[in-house]
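Colleague: predicted model, plus sequence, below.
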Amino acid sequence: MMNQRPKLLITGASGFTGEHACKHFSGLGYDVIAVTRNRSLDGCKGIRIEYCDLTIKDDVNQLIKKEKPDFLLHLAGINNVGDSWKDPITTVETNLLSTLYIIDATRQLNPTCKIVIVGSALQTSPSEISNLTHPYSLSKTLQVLISQAWVKLYKMNIVIAKPTNIIGPGSSNGVNSIFANNIAQMEMNMLEKVLVVNNLNTNRDFIDVRDVISAYEILFKKGIAGEVYEISSGKSHSIEDLIQIYKNLTDIDFKVQSLSDDADTLFVAEKPLKLLSLGWNPSFSINSSLIDTLNYFRYKYSKS
C-alpha cells in the first residue's frame, strides 16, 4: 500500500529548533526526513536521517530527487553573529548557497513542494541595506531576497518565517540557554555562583521553540507564497527580567555581574499580526519556557 503520510524534509535537523521540529511533526504523523551534515540526532525516533552538505549542489539535487517531499522546512545554516565577523565569506556562502541550491533543486525536481524558509529577526529589508549591522544579517537578508525572487520568477510556493529570539528546553547558543546551563551547573557545585551577562538592560522579544514549531505547521497549511511572517510573543522582556525569574526558580544565591550598564536602545515588541490572522496563538509563557529550560539542564547534569 502506498504511504499516504505527508513527507516533510527538515534541514538543520540536528540543531536546537530542528530536533524539536522532528519530534513535533513526527508526532503529527508526518513522514519526517531529517537532514544533517554530520551530526547524530538524539531522541528522535521514527524518523529517517539523510546526511547531506547543502553547500554542494549535486548532493542537494540528489537529495531532492530521491525524497521528493511534500513539504520542506529549511532551518540549516550558520547563525552565529560573532563567527560572521571573523569569517563573513563562509557565513554568506553557507546561508545563501544552501538556500539557493535547495529551492532551485525543488523547482526543477519537485515543484509542487511547499517550502518554509526560516529567516531571522536580525535580517533587514533589502531596501534598507544601510541598516545592516553584521555579516550574519546580510546573509539572512540575501536568503530572503533569493526566496522571494524565486516566488516571483518561478511561481514557487515559498513562505518566509521570521522568528524572534527562540527559547525553551534544549541546548542553543542563545542567552537563555546559557543562563539555564550555568545555573544548573551552579546547583551541582560545578561552577562558581556568579552569572556574567553583557547588559542587564537589554530588551528582547522571546518566544518558545514549541510555539515557533506550531507556527511553522500553520505556515505549511495557510502561509501565502512570498510573504514574510513574524513569529514573536509580542512582549518585551529585559535580561534582568529573565534572571529574576531564574532566581525565583532556584534555591542557590548566585551573584550577577553585568559587563555594561548602558541603557538599551529603544526596543518595541510587535505583535505577529499576519500569523495571528491565520489562527496561531503562542501557548507557552516566559515563566514556563524558563522552567522547562532549567529542568532540561538539571536532568542533563543529574545523569552525567
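Modeller: Good, I have the coordinates. Numbers count the residues shown, from 1 in each chain.

Colleague: the helix or strand of the chain with the lowest mean pLDDT: which residues count as buried?
Modeller: Ranked by mean pLDDT, DSSP states H and E, the weakest helix or strand in the chain is helix 81-86, scoring a mean of 88. Buried residues in helix 81-86, defined by neighbour count with 16 or more other C-beta atoms under 10 Å: Val81, Ser84. Yep, even glycine has a C-beta here, placed from its N, CA and C like the rest.

Colleague: what's the helix or strand that comes right after that helix packed up against?
Modeller: Sequence-wise, the next helix or strand downstream of helix 81-86 (DSSP states H and E) is helix 88-109. When contacts are defined as 3 or more C-beta pairs under 8 Å, 6 or more residues apart in numbering; DSSP states H and E, helix 88-109 sits against helix 57-67, strand 71-74, helix 81-86, strand 114-118, helix 135-154.

Colleague: please produce a markdown table containing the ones you listed, extended by distance to Arg298.
Modeller: Below are these laid out as a markdown table (distance: least, C-beta to C-beta, whole Å):
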| stretch | distance to Arg298 |
| --- | --- |
| helix 57-67 | 38 |
| strand 71-74 | 30 |
| helix 81-86 | 28 |
| strand 114-118 | 29 |
| helix 135-154 | 31 |
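
Colleague: list the buried residues in stretch 85-94.
Modeller: Thr91, Val92, Thr94.

Colleague: and the helices and strands packed on helix 88-109: which comes nearest Ala105?
Modeller: helix 57-67 (4.2 Å; C-beta to C-beta).

Colleague: next, the angle helix 88-109 makes with the closest one.
Modeller: Regarding helix 57-67 and helix 88-109, their directions subtend 40 degrees when assessed with axes from the mean of the first three to the mean of the last three C-alpha atoms, to 10 degrees.

Colleague: what comes into contact with helix 57-67?
Modeller: 7, 9, 33, 35, 50, 52-54, 97-98, 101-102, 105-106, 108-110 (C-beta atoms under 8 Å, 6 or more residues apart in numbering).

Colleague: ok, now with 10 Å
Modeller: Identification of contacts with helix 57-67 by C-beta atoms under 10 Å, 6 or more residues apart in numbering yields 7-9, 11, 31, 33, 35, 37, 48, 50-54, 56, 69, 72, 97-98, 100-110, 113.

Colleague: returning to what we had before: now for the least confident helix or strand of the chain, which elements pack on it?
Modeller: helix 88-109, helix 135-154 (3 or more C-beta pairs under 10 Å, 6 or more residues apart in numbering; DSSP states H and E).

Colleague: to Gly174, which of the helices and strands packed on helix 88-109 lies closest?
Modeller: Comparing the helices and strands packed on helix 88-109 by C-beta to C-beta, helix 81-86 comes nearest, at 11.5 Å.

Colleague: what residues does that closest one touch?
Modeller: Against helix 81-86 from outside (C-beta under 10 Å, 6+ apart): 78, 80, 90-92, 95, 120, 122, 133-140, 173.

Colleague: how about 6 Å then?
Modeller: Residues outside helix 81-86 that contact it (C-beta atoms under 6 Å, 6 or more residues apart in numbering) are Thr91, His134, Pro135, Tyr136.

Colleague: buried subset of those residues?
Modeller: Thr91, Pro135, Tyr136.

Colleague: reformat those as CSV; add distance to Val60 and pLDDT.
Modeller: Listed next are the buried ones among the contacts of helix 81-86 as CSV, based on distance: C-beta to C-beta, whole Å; pLDDT from 0 to 100:
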residue, distance to Val60, pLDDT
Thr91, 19, 91
Pro135, 23, 86
Tyr136, 22, 86
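
Colleague: of all these, which comes closest to Lys23?
Modeller: Tyr136 (27.1 Å).

Colleague: any idea how far the residue lying closest to that closest one once chain neighbours are set aside is from Ala215?
Modeller: With C-beta to C-beta, 6 or more residues apart in numbering as the criterion, Tyr136 has its nearest non-adjacent residue at 3.8 Å, and that residue is Ser84. Ser84 sits 25 Å away from Ala215, taking C-beta to C-beta, to the nearest Å as the criterion.
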